[in-house]
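Asks: okay, predicted coordinates and the sequence, questions at the end:
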Amino acid sequence: MTPPGDKPPLLASRLSAPTPSQALRRLFLTLFLRGRTSRGLDKKGAPKTIGRKISLILLVYGAFGCIALSMMQQPVFALAIYLHAMTFAFLGMFVASSAGEVLFNKEEADILLHRPIDSKTMLWSKIYVLVEVSLFIAGAFNLAGLFAGLGSPDGSWRFPFVHALSTAIEALFCTGCVVLAYQLCLRWFGRERLEGLMTTTQVVVSIAAVLGSQILPRIIFRFGSTMTLNESSWWFMLLPPTWFAGFDDALAGSAARLSWVFALTAVLSTGLVLWLAFVKLAHTYERGLQTLEQTISKPRSRKQRRRWLYWLVTVPPLSWWSRDPVSRASFLLVTAYLIRDRDVKLRVYPGIAPMLIFPFIFLFQKGAGMGDLGIAFCGGYLGLIPLIALSMLQYSQQWQATDIFRSAPMRGPAAIYHGARRTVLLFLTLPILLILAVLVSVLRGLDGEILLLLPGIIALPVYSLVPGVIGKAIPFSTPIEEAKAASRGANMFLALMISMLVSTIASVAWSHGWFWPFMAVEAVAVIGLYIGMRHTLANMRWKSAE
Amino acid sequence: MISIDQLTKRFGAQTAVDALTLEIPAGQIVGFLGPNGAGKSTTLRMLTGMIEPTSGTATICGFDLRRDPIEVKRHVGFVPESGAVFESLTGLEYLEMVAALYGIPPDAARRRIEQFIAFFDLSFETLTDKLLGAYSKGMRRKVVITSALLHNPPVVFFDEPLDGLDANAAVGFKALIQTLAREGKTIVYSSHILDVVERVCHRVIIIDKGKLLLDGKPDELVATHNSGTLERLFTQLTGGTELEQRAEDFAKTFRP
């Protein structure tokens, strides 16, 4: 027996072992680079650096950051607000989407929780990787901005260095805030509610990012020259990105007194957030990890919700729409995942959220002809919702469970896909359609312009069949690591272009008085495409599961 | 070696482990049995520091579970039922990572891993080139067992360790734990394969609904209860009555 204080024999011979912290940092970075499951992954082909892993994303961010070059004539504070607000939104989106998986991974509990590592070490190691990736993203987006600051009327040669430093502090602040939000929610509301809350947060952050990217540059171009700090601009203090902009302005810009206050706020708030998240509440994190191992009894309301859903599919009109039992079962499965599965929720809802913003921006846009086009575009954009949602529903952590579809006596995945399609159309597309219709009615009245939504609505069945026809017919059947952002982006861009084209033709047709002939042509085309795609889907066979 | 006093775990209103009290000395192989949901895995997870007890205490190698959880973890090895591993690491990367968590220097870790490779008939190429996600279930289980023993812990908890192992590996594994026990290690072995438990374990503990039902040597318990086998004794104690008849009745429902 080993008496207390003695180490087992092998441990006594330790020489220069890597510390647990180093081992964990290396582990979590490897997991980030390779993903957590290895299907379809060859070790030799796996990315070796963060840059290689997310090179395309970094390129997009880098290109997007070039907008800052058009603000070279703006004061440092205005430019820095834009850069920090966008960085804040992008980092917020990245950290919010990654933190849940990184911080609270259920599979990981069985592997690591019985090892001699304290929760702080584990937390810090994960944060290290999150911050490292955040800095890459922030660096890519701010690269052009570093030089834009040199051209500012009140800018100095120090701007690139100061802005790089403030961006790094902002990355720490952002990561700390998300982790702190997780810990506080966990402490106050428990894990079940935390997941719902984080999904909502992520959706909100996604919307804020898109809104910010649309609205901020316009505001800066309009008010840039007057956007300087003085005693009347105290309210900027309410917006965290302005603290970091104040940091830039204090050290490499106008050096106004208020800028120094903002700079100090940035440093102190970052310190406070880091202390709370990683020191004070580290124990909450450990408890959170332990709850992952616990079976939580389901609240009664959830059971009732499930019964309500089962009742819904057995009564008209849903029972007429979903007569086939396989489609009905798939409908229930996909609905259950959209309601309950954290991983699916975190992918689908934030994925479609930004798509909802553009129609609203178009709807509120003023200018010649923009009213008609805005409404038509809203309708056209609706098609992207089933397209994106059904594409995202392909991915799941439980992809292996879908083998049950293959072993069932079905010739192909058509019936399963139709169930998923109906869920998306009913629970995701229809509510948004109703909201848009109400909004158009309120903003434009009921004098006929609402009919401009029709071209988009008519095309919905075709849009909803596209993912199935291009080989994404089985929901939850693909590991999350295979969610290729690049190809998805290309598909979405193509669909967006088609939507814009149809919307433009529809609005031109409306203003020239040949809207109904156009509708007739579109309806015929849609019916033809729909029949063809249904036929293709019905003849689709299972692919070999290798 | 292991001392458990009134250990209790509640999940909301449900009591998973109810005031469990036990003493397990060094060098003993203890079969830890119970039907599904009896509280076995919860007990093992508490004893390995994975979940916090609601009340009660336990000490392992003299270290208190609540006061010195890290020292407890340093002195135990655990093979969880799930057999979870990081699938995107190679076997060698995984084992080296585990070794680092216990502070084992790389050269010592490599020597130790090579010993396990030889024992389990693993190929070094597989361990270095293939990601764990591509391993068979048995291979993965061997890696998990290796990772539990790598730091030479005085106490080892096994939760269904034979799951996925082929017959040869299973025989080798049973011989290994018997040898380890002779050399003073304490083994807690949770399994549903009762004939293996009967042959390998010095002592059997049966729990149900979180409570201790029976504790003793397998042959003595079987003799005392006049049940013939440990399996029969287990079903008697845990309410598994008329199982053959029930199976027969159920099978009849498949008839056309």
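Replies: Done, it's in.

Asks: what helix or strand does the spatially most central residue of chain A sit in?
Replies: Closest residue to the average C-alpha location of chain A: A:P350 at 4.2 Å, with Cα atoms, centre = their mean. If you go by DSSP states H and E, A:P350 is part of helix A:342-364.

Asks: what packs against the very next helix or strand once past that helix?
Replies: Per DSSP H and E, the first helix or strand lying C-terminal to helix A:342-364 is helix A:370-382. Applying 3 or more Cβ pairs under 8 Å, 6 or more residues apart in numbering or on different chains; DSSP states H and E, we find helix A:370-382 packed against helix A:342-364, helix A:430-444, helix A:454-469, helix A:485-512. C-betas here are computed from N, CA, C, even on glycine.

Asks: strands along chain B, start to end?
Replies: In chain B, the strands defined using DSSP state E lie at B:2-11, B:14-24, B:29-33, B:55-60, B:63-64, B:76-79, B:155-159, B:186-190, B:203-208, B:211-216.

Asks: is there proximity between the shortest one and chain A?
Replies: Read that as strand B:63-64. Yes. Residues of strand B:63-64 contacting chain A under Cβ under 8 Å from any Cβ of the partner chain: B:F63.

Asks: given that strand, what are its sheet partners and their directions?
Replies: strand B:55-60 (antiparallel) (DSSP bridges).

Asks: next, the angle from the partner strand to strand B:2-11.
Replies: Put simply, strand B:55-60 runs at 140 degrees to strand B:2-11, going by axes from the mean of the first three to the mean of the last three Cα atoms, to 10 degrees.

Asks: could you give the average pLDDT over strand B:55-60?
Replies: In this model, strand B:55-60 has a mean pLDDT of 94.

Asks: which residues touch residue 110?
Replies: Since no chain was named, I'll use chain A. A:D110 sits next to A:293, B:50, B:80, B:82, B:84 when contact means Cβ atoms under 8 Å, 6 or more residues apart in numbering or on different chains.

Asks: other chain: chain B
Replies: If you count contacts by Cβ under 8 Å, 6+ apart, B:R110 has them with B:E96.

Asks: equivalent analysis for the one 3 residues further on, please.
Replies: For B:I113, the contacting residues are B:92, B:95-96, B:99, B:127, B:146, B:150, by Cβ under 8 Å, 6+ apart.

Asks: what residue in the stretch 101-250 of chain B comes nearest to chain A?
Replies: Closest to chain A within the stretch 101-250 of chain B is B:G133: 3.1 Å, counting by Cβ to the nearest Cβ.

Asks: the stretch 101-250 of chain B against chain A: which residues are in contact?
Replies: Checking the stretch 101-250 of chain B against chain A by Cβ under 8 Å from any Cβ, the hits are B:101-109, B:112, B:129-134, B:151-154, B:184.

Asks: write the PyMOL selection for whichever of those residues are buried.
Replies: Selection command for PyMOL covering only the buried members of those, criterion 16 or more other Cβ atoms under 10 Å in any protein chain shown:
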select buried, chain B and resi 101+102+103+104+105+108+109+112+130+131+132+133+134+151+152+153+154
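
Asks: among the residues of the stretch 101-250 of chain B next to chain A, which are located in helices?
Replies: Using DSSP state H, the members of these that fall within helices are B:101, B:106-109, B:112, B:129.

Asks: now do the helices in the stretch 151-300 of chain A.
Replies: All helices of the stretch 151-300 of chain A, identified by DSSP state H, counting those that start in this stretch, fall at A:159-189, A:191-223, A:240-252, A:257-275, A:282-292, A:300-314.

Asks: next, the angle helix A:240-252 makes with the fourth one.
Replies: The one in question is helix A:257-275. 120 degrees.

Asks: go through chain B and flag its longest helix.
Replies: Max-length helix for chain B by DSSP H is helix B:167-182.

Asks: tell me which residues are up against it.
Replies: Helix B:167-182 is contacted from outside by B:27-29, B:119-121, B:138, B:142, B:145, B:156, B:158, B:161-162, B:165, B:187, B:189, B:196, B:199-200, B:202, using Cβ under 8 Å, 6+ apart.

Asks: what residues sit buried inside it?
Replies: For helix B:167-182, a neighbour-count test (16+ other Cβ under 10 Å) marks B:169-170, B:173-174, B:177, B:180-181 as buried.

Asks: likewise for stretch A:154-162?
Replies: Buried residues in stretch A:154-162, counting neighbours by 16+ other Cβ under 10 Å, are found at A:154-155, A:159-160, A:162.

Asks: do you know how far A:T335 is from A:A255?
Replies: From A:T335 across to A:A255, the span is 57 Å (Cβ to Cβ, to the nearest Å).

Asks: repeat for A:I375
Replies: For A:I375, the distance to A:A255 - Cβ to Cβ - is 49 Å.

Asks: neighbour count winner among the two?
Replies: Comparing A:I375 with A:A255 by other Cβ atoms under 10 Å in any protein chain shown, the one with more neighbours is A:I375, at 28 against 15.

Asks: tell me how chain A divides into domains.
Replies: Per automatic domain parsing, the structural domains of chain A span A:54-292, A:333-412+A:427-538.

Asks: can you list the low-confidence ranges for the stretch 101-250 of chain B?
Replies: Counting by pLDDT under 70, the ranges of the stretch 101-250 of chain B that qualify are B:240-241.

Asks: now with 90?
Replies: B:103, B:105-106, B:117-118, B:120-136, B:163-169, B:191-199, B:209, B:214, B:218-219, B:221-250 (pLDDT under 90).

Asks: same thing with the stretch 51-200 of chain A?
Replies: Applying pLDDT under 90 to the stretch 51-200 of chain A flags residues A:51-110, A:112-113, A:117-158, A:171-172, A:174-200.

Asks: now with 70?
Replies: A:190-196, A:198.

Asks: how about the residues of it by chain B?
Replies: Contact residues, the stretch 51-200 of chain A versus chain B (Cβ under 8 Å from any Cβ): A:107-118.

Asks: from A:Q397, how far out is the residue nearest to A:S119 when sequence neighbours are not counted?
Replies: In space, A:S119 comes closest to A:E286 once its chain neighbours are excluded; the distance is 3.4 Å by Cβ to Cβ, 6 or more residues apart in numbering or on different chains. Separation of A:E286 from A:Q397 (Cβ to Cβ) stands at 23 Å.

Asks: next one: A:I375
Replies: 40 Å.

Asks: what's the pLDDT at residue 15?
Replies: All of this refers to chain A. pLDDT for A:L15: 53.

Asks: can you look at chain B instead?
Replies: At B:T15, the pLDDT recorded in the model is 90.

Asks: residue contacts, the nearest residue to it once chain neighbours are set aside?
Replies: If the residues on either side of it in the chain are set aside, B:T15 comes closest to B:G210, at 5.4 Å by Cβ to Cβ, 6+ apart. Shown in contact with B:G210 (Cβ under 8 Å, 6+ apart): B:8-9, B:15-18, B:20, B:38-39, B:42.

Asks: most neighbours among the residues you listed, which one?
Replies: Of those, B:V17 is surrounded by the most neighbours, 26 neighbours in total, counting by other Cβ under 10 Å.

Asks: give the buried residues for stretch B:202-211.
Replies: Under 16+ other Cβ under 10 Å, the buried positions of stretch B:202-211 are B:203-210.

Asks: alpha carbons of that stretch, as CSV, please.
Replies: Output of stretch B:202-211 as CSV, limited to C-alpha atoms (Å, rounded to 0.1, in the frame of the first residue of the first chain):
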residue,chain,number,x,y,z
HIS,B,202,-11.9,-12.6,-4.2
ARG,B,203,-14.9,-10.8,-2.9
VAL,B,204,-18.3,-9.8,-4.3
ILE,B,205,-20.4,-6.8,-3.5
ILE,B,206,-24.0,-6.7,-4.8
ILE,B,207,-25.9,-3.4,-4.7
ASP,B,208,-29.4,-2.6,-5.9
LYS,B,209,-31.3,0.8,-5.9
GLY,B,210,-28.1,2.3,-4.4
LYS,B,211,-28.1,0.1,-1.3
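
Asks: I'm done for today, thanks for sticking with me.
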